[in-house]
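**Student:** show me the folded form of this:
(chains A and B)
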Amino acid sequence: MAERKLRVLVGKPGLDGHDRGAKIIARAFRDAGFEVIYTGLHQTPEQIVAAAIQEDVDCVGLSILSGAHNTLLPRVCELFREKQAADITLFCGGVIPDDDIPGLKAAGMKEVFTPGTSTEDIVKWVKDNVQPHA
Amino acid sequence: MALAEKILTGDIRAAARLMRDIDDGFRSAVDELKTLYPHTGKAYIIGITGPPGAGKSTLVDQITAAYRQRGKTVGIVAIDPTSPFTGGAILGDRIRMNRHADDPGVFIRSLATRGHLGGLSRSTGDVVNVLDAMGMDVVIVETVGVGQDEIDIVSMAHTTTVVMVPGLGDDIQAIKAGILEIGDVFVVNKADRDEADRTVRELVTMLEMNPDRGKGWQPRVLKTEASRNRGVEELVDEFESHRTYLHDSGAIHRLLEEKNAKQFMEILRERLFNEVYGHIEVNGRFREIIAGMMTREKDPYSAVEEIVAERLRLGR
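**Tutor:** Numbering: from 1, shown residues only, chains lettered A, B, ... in the order given. Predicted structure coming up:
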């Protein structure tokens, strides 16, 4: 009877208003059978972490197109560690220059998806890399 | 430490995990709920129901803000539909209310219906109990967007609020059976729209024709514009009036009796079903019966009688 369903939070930190990518990813996750908590635009790092904890998600996908990724995303990673929630897998996507990727991964982003990545690839990555909490 | 004990000391992650265990049907969750049960029964539970797009989430967001202003802690359970094809779901109620996410006096949980009809998920009652045990003063349950007949919320909430919007149909809609009979409070949201006053009138007329008119609680129709925070204070005052009425009139007693009976019967039904079905699924009888029905050698009525009789005898 008991079966874990994968729960993922999709959100947009910061101030850019472009949520089409995030919505497409949310839809692809739904079609993959995940429960997607969509928090929408203009989220602070604090709101993202609190929502992820209250919703007991297995992973968090952040979409960012504003160019502020080097400021916002490391802060999100740090907050997850601060709240003893480092077991939640973090990944992100958006307009992110290749040179910035190593720094984001070092900060705690497990994967960084750049423009042109197919939704199939992202869904596959989640299935391969995220286990629902025991 | 078990999850329940952690929850009672204020551990948020433990609460979130237990809600997950409940939703995923873990047996261990039942033991945790046993521990929490004596700590429940204190929260005031408000149900918010109505058609998709009526503004329920936005209203919940504003009601939450109003109760926080009044110094109350608020738990929220928001339900959205599961895809019948993939089992996936997009839970988007938080979009309207996530400004409260990092307020320690608010806890929001999104649930998917997972195939359950009636406007709620199967797990909703138990998740509400966890919020209650966490010490939330008010718990708001937002149903999935409903049509005409999804009324599970009535046996969950102390005060049921039906949210309507202008322009959904003529006044025949208002005299049909179903969700329009269950409101303790009616709200016409998006009240800046042209047809708002007509919708209010139709609802008022419907309520005036109620055979119980003049006896007990008299539901009123309020107007709100949730997105501009208009009418929300009056709505919260109306909740508090209804709550006072329930206690002063003694109506709370019958409400809780019905609620408890329903909860007990649901748990019993589920447990009995799992007991019987789990057994025949594992030992292969289930497949045999289905195969027998295909050839018409076995009828489902006799099969059920035999299996239930067997299991009950074993348990004696």
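**Student:** count the neighbours of B:Glu281 for me.
**Tutor:** When neighbours are counted by other C-beta atoms under 10 Å in any protein chain shown, B:Glu281 registers 13. Backbone N, C-alpha and C define where each C-beta goes, glycine included.
**Student:** now do the SS call for it.
**Tutor:** Per DSSP: H, G, I helix; E, B strand; the rest coil, the secondary structure class of B:Glu281 is helix.
**Student:** that one and chain A, how far apart?
**Tutor:** Between B:Glu281 and chain A the distance is 10 Å, computed by C-beta to the nearest C-beta, to the nearest Å.
**Student:** with B:Val308 instead?
**Tutor:** B:Val308 sits 19 Å away from chain A, going by C-beta to the nearest C-beta.
**Student:** that residue touches B:Val276, doesn't it?
**Tutor:** Yes: counting by C-beta atoms under 8 Å, a contact exists between B:Val308 and B:Val276, whose distance comes to 6.4 Å.
**Student:** quick one: the strands in the chain?
**Tutor:** No chain specified, so I'll use chain A. A:7-13, A:35-43, A:59-64, A:89-94, A:111-113 (DSSP state E).
**Student:** sorry, should have said chain B
**Tutor:** Taking DSSP E as the criterion, chain B carries its strands at B:44-49, B:74-80, B:89-91, B:106-112, B:138-142, B:159-164, B:185-188, B:220-223.
**Student:** is chain A within reach of the second one?
**Tutor:** No: remark: strand B:74-80 sits outside contact range of chain A, by C-beta under 8 Å from any C-beta of the partner chain, the gap being at least 9.2 Å.
**Student:** could you check the angle strand B:106-112 makes with that strand?
**Tutor:** Angle of strand B:74-80 versus strand B:106-112, following axes from the mean of the first three to the mean of the last three C-alpha atoms, to 10 degrees, is 20 degrees.
**Student:** show me what strand B:74-80 is packed up against.
**Tutor:** For strand B:74-80, the helices and strands in contact under the criterion 3 or more C-beta pairs under 8 Å, 6 or more residues apart in numbering or on different chains; DSSP states H and E are helix B:56-69, strand B:89-91, helix B:94-97, strand B:106-112, helix B:124-133, strand B:138-142.
**Student:** nearest to B:Asn260, out of these?
**Tutor:** Closest approach to B:Asn260 among those is made by helix B:124-133 (10.8 Å; C-beta to C-beta).
**Student:** my read: A:Arg4 touches A:His133, true?
**Tutor:** Yes: in this structure A:Arg4 lies within contact range of A:His133 using C-beta under 8 Å: 7.1 Å.
**Student:** which residues are in contact with both of the two?
**Tutor:** Counting by C-beta atoms under 8 Å, 6 or more residues apart in numbering or on different chains, the common neighbours of A:Arg4 and A:His133 are B:Arg20.
**Student:** contacting residues for B:Lys190?
**Tutor:** Applying C-beta under 8 Å, 6+ apart, one finds that B:Lys190 lies in contact with B:54-55, B:165-166, B:196, B:225-226.
**Student:** how far away is it from B:Ala54?
**Tutor:** 8 Å (C-beta to C-beta, to the nearest Å).
**Student:** run a quick neighbour tally on the nearest residue to A:Gln47 once chain neighbours are set aside.
**Tutor:** Once its chain neighbours are removed from consideration, A:Gln47 has its nearest residue in B:Ala101; the separation is 4.4 Å (C-beta to C-beta, 6 or more residues apart in numbering or on different chains). Counted with other C-beta under 10 Å, residues neighbouring B:Ala101 total 23.
**Student:** and what of A:Asp128?
**Tutor:** Other residues within reach of A:Asp128 by the criterion other C-beta under 10 Å amount to 8.
**Student:** low-confidence stretches in chain B?
**Tutor:** Residue ranges of chain B with pLDDT under 70: B:169-177, B:315-316.
**Student:** which stretches in it count as helices?
**Tutor:** Listed in chain order, the helices of chain B (DSSP state H) span B:3-8, B:12-23, B:27-36, B:56-69, B:94-97, B:124-133, B:172-175, B:196-208, B:232-249, B:251-282, B:285-294, B:300-315.
**Student:** again with chain A
**Tutor:** Under the criterion DSSP H, chain A contains helices at A:20-31, A:45-54, A:69-82, A:101-107, A:119-129.
**Student:** need these in CSV (columns: mean pLDDT).
**Tutor:** CSV is the format used below for those (pLDDT from 0 to 100):
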stretch, mean pLDDT
helix A:20-31, 95
helix A:45-54, 96
helix A:69-82, 96
helix A:101-107, 97
helix A:119-129, 97
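**Student:** among the ones you listed, which is nearest B:Ala14?
**Tutor:** Closest to B:Ala14 of the helices of chain A, according to C-beta to C-beta: helix A:45-54, at 10.6 Å.
**Student:** in the closest one, which residues are buried?
**Tutor:** Under the neighbour-count criterion of 16 or more other C-beta atoms under 10 Å in any protein chain shown, helix A:45-54 has A:45, A:47-54 buried.
**Student:** near chain B, which residues of chain A?
**Tutor:** Close to chain B, as judged by C-beta under 8 Å from any C-beta, chain A has residues A:1-5, A:7, A:26-27, A:29-40, A:43-44, A:46-47, A:49-51, A:53-56, A:84-85, A:133.
**Student:** and the buried ones among the residues you listed, selectable in ChimeraX?
**Tutor:** Restricted to buried positions by 16+ other C-beta under 10 Å, the ChimeraX selection for those reads:
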select /A:4,5,7,26,27,29,30,32,33,34,35,36,37,38,39,40,43,44,47,49,50,51,53,54,55,56,85,133
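**Student:** and the residue nearest the centre of chain A, how far from B:Ile280?
**Tutor:** The residue lying closest to the centre of chain A (C-alpha atoms, centre = their mean) is A:Gly61, at 1.3 Å. Distance, A:Gly61 to B:Ile280, by C-beta to C-beta: 41 Å.
**Student:** equivalent analysis for A:Phe80, please.
**Tutor:** With the distance defined as C-beta to C-beta, A:Phe80 ends up 45 Å from B:Ile280.
**Student:** same check, this time on B:Tyr245
**Tutor:** The span separating B:Tyr245 from B:Ile280 equals 49 Å under the rule C-beta to C-beta.
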